[in-house]
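Asks: Below is the structure, and that's it, no one-letter string:
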């Protein structure tokens, strides 16, 4: 089973690749800079994770942030950590959780694409991981965390695979970045068109597969719970694809490929917190809602407030994550996840469908904390980066494209 | 000698080439160009963001023919390139002062 688990962690490593394929695909003729954003995060976040990140997320048992018990991965070896996963080596658990820490800041990079200095982006990521991600991961998944549902949290918030921790934090932070940095030169205009939808398409397909690693893997065992998370994930993505495409078809007269893959990602996002808690049919419903709501977010809401979030990190991950987290409180059922028991060993009701109406409030609390932490944390970090390194590249560098001005190379060399 | 410059729909290029070959016109120069006349282009929508594409891909065909064959060539060309819809393109005609074959200094119509 451990080897199966390693396979899952490996498949997660594909996600940033898929993400960069998807995002790079969306950015016009500035592809390397965008791909570099996702790729370099694998390196940067991994190093921070080893030094202190894992410990700040999963060490200790305080309500807000971990301690330094596991700093430099001390005490993280082949023995399982019974608090989190009693059947796999703690190192396996550690490297699996690392994948979540990598993808989250990578999602934000869609919002500052094509205009942020590379140096500022590195500093931003380091600070963001420390100030926003590790505390949020600890609050929701860490022992004694304020929002932890199974290990003594004050507001038990169900988040199976990162609706609040990954998608709300990244999506909302992306919105803050887009507003703070301002629009790209020439946006909206004829030069700002998707770079290559074929790459986007392949990226979305990789994401659909990789996501099973996130959601089914979050069962932390090859169990029936992993299977139901797998099924819910797949159903959510399918329904959301249809939801987005039909909304677009009705409104624009044409169903588009970019719409289909955006809907798919919206569904994967929304089902993420719910995946280990809901039956297949509610998964379809959650997906369908996500497809339509995220479509309206990126068309109506984005147009109304006129912010330039190139890859719709907010419209898809922020909105989809919030929607999914709230609906988890409605559809979570002990028929899928009987891991929550009272002192007498009786299985507890989970969501509204189990008769536990108050769970929606706990979910709301989780969303609220994620939103506030993301907004305040990101604003402070942006200010720090702006004052020290400067955030935005010069106009000349921007119109030349970050591939050349930041990295000194080009994605496509056609002259022979 | 006349120079015929025809802007046509890209998908009509093969038909036009075949038709010209059939009446014995072998030489031509082709360029991929973008432009628009009265055709107004089309709209593309990416995640709700609209883009108007008004410069459309066309093919520019340039050939120089003896004055005596001019009518026949234009008739063949228009017949082959026509769909009857907006966007079929245009033909412009110029008088040519001289033609020179670089290989052997042939001049005039014998250089064509």
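Replies: Nice, I can see it. Keep in mind that what you see is a predicted model, and the values were worked out from it rather than measured. Residues are numbered from 1 along each chain as shown, chains lettered A, B, ... in the order given.
Asks: which bits of chain A sit near chain B?
Replies: A:188, A:190, A:192-194, A:252, A:254, A:256, A:258-259, A:262, A:295, A:298-300, A:302-303, A:312 (CB under 8 Å from any CB of the partner chain). C-beta: built from backbone N, CA, C; applies to glycine.
Asks: let's go with 7 Å and repeat that
Replies: Counting by CB under 7 Å from any CB of the partner chain, chain A comes close to chain B at A:188, A:190, A:193-194, A:252, A:256, A:258-259, A:262, A:298-299, A:302-303, A:312.
Asks: Mind picking the one among those that's closest to chain B?
Replies: Comparing those against chain B with CB to the nearest CB places residue A:299 closest, at 3.1 Å.
Asks: picking that back up, compare the residues of chain A next to chain B and tell me which is most surrounded.
Replies: Compared across the residues of chain A next to chain B, residue A:262 has the highest neighbour count, 31 neighbours, by other CB atoms under 10 Å in any protein chain shown.
Asks: so who does that residue touch?
Replies: Residues counted as contacts of residue A:262 (CB atoms under 7 Å, 6 or more residues apart in numbering or on different chains) are A:244, A:316, B:47.
Asks: Name the helix or strand for the nearest residue to the first one once chain neighbours are set aside, please.
Replies: What that stands for is residue A:244. Spatially, and ignoring its direct neighbours in sequence, residue A:244 is nearest to residue A:263 (2.6 Å; CB to CB, 6 or more residues apart in numbering or on different chains). Element membership for residue A:263 (DSSP states H and E) is helix A:257-271.
Asks: how distant is that helix from the center of its chain?
Replies: Computed by CA atoms, centre = their mean, to the nearest Å, the chain-centroid distance of helix A:257-271 equals 13 Å.
Asks: Counting by contacts, list what the helix or strand that that helix is followed by packs against.
Replies: Sequence order places helix A:280-296 as the next helix or strand after helix A:257-271, per DSSP H and E. Here helix A:280-296 touches helix A:224-252, helix A:257-271, helix A:319-331, going by 3 or more CB pairs under 7 Å, 6 or more residues apart in numbering or on different chains; DSSP states H and E.
Asks: Kindly calculate the angle that helix A:280-296 makes with helix A:257-271.
Replies: 130 degrees (axes from the mean of the first three to the mean of the last three CA atoms, to 10 degrees).
Asks: what does helix A:280-296 contact?
Replies: With CB under 7 Å, 6+ apart, helix A:280-296 has contacts from A:231-232, A:235-244, A:247-248, A:263, A:266-267, A:269-271, A:274, A:315-316, A:319-320, A:323-324, A:327, A:331.
Asks: go with 8 Å
Replies: Residues from elsewhere that reach helix A:280-296 (CB atoms under 8 Å, 6 or more residues apart in numbering or on different chains): A:228, A:231-233, A:235-245, A:247-248, A:259, A:262-263, A:266-267, A:269-271, A:274-275, A:278, A:312, A:315-316, A:319-320, A:323-324, A:327, A:330-331, A:353, B:48.
Asks: Quick one: mean pLDDT for it?
Replies: Taken as a whole, helix A:280-296 has an average pLDDT of 97.
Asks: and that helix with helix A:319-331, angle?
Replies: Helix A:280-296 and helix A:319-331 are oriented at 150 degrees to each other (the same axes, to 10 degrees).
Asks: end to end, how far does stretch A:402-411 reach?
Replies: 11 Å (CA to CA, to the nearest Å).
Asks: buried ones in that stretch?
Replies: Of all the residues in stretch A:402-411, those buried under the rule 16 or more other CB atoms under 10 Å in any protein chain shown are A:402, A:403, A:405, A:406, A:411.
Asks: swap in stretch B:74-90?
Replies: Those would be B:74, B:76, B:77, B:78, B:80, B:81, B:88, B:89, for stretch B:74-90 by 16+ other CB under 10 Å.
Asks: Can you spell out which residues form a bridge with the last one?
Replies: It refers to residue B:89. On the basis of DSSP bridges, residue B:89 is bridged to residue B:8.
Asks: out of the helices and strands packed on helix A:280-296, nearest to residue A:51?
Replies: helix A:319-331 (27.6 Å; CB to CB).
Asks: the longest strand in chain B is where?
Replies: Criterion DSSP state E: the longest strand present in chain B is strand B:56-65.
Asks: List the neighbouring strands of it plus their orientation.
Replies: Its sheet considered, strand B:56-65 pairs with strand B:2-8 (antiparallel), strand B:29-35 (antiparallel) by DSSP bridges.
Asks: Tabulate the ones you listed (a markdown table), appending mean pLDDT and mean neighbour count.
Replies: Shown next, in a markdown table, are these (pLDDT from 0 to 100; neighbours: other CB atoms under 10 Å in any protein chain shown):
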| stretch | mean pLDDT | mean neighbour count |
| --- | --- | --- |
| strand B:2-8 | 95 | 19 |
| strand B:29-35 | 93 | 12 |
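Asks: Ends of stretch A:342-355, what's the gap?
Replies: Start-to-end, stretch A:342-355 (CA to CA) is 16 Å.
Asks: Kindly report the same for stretch A:274-283.
Replies: For stretch A:274-283, the end-to-end distance is 8 Å (CA to CA).
Asks: now do stretch B:81-91
Replies: End-to-end span of stretch B:81-91 (CA to CA): 11 Å.
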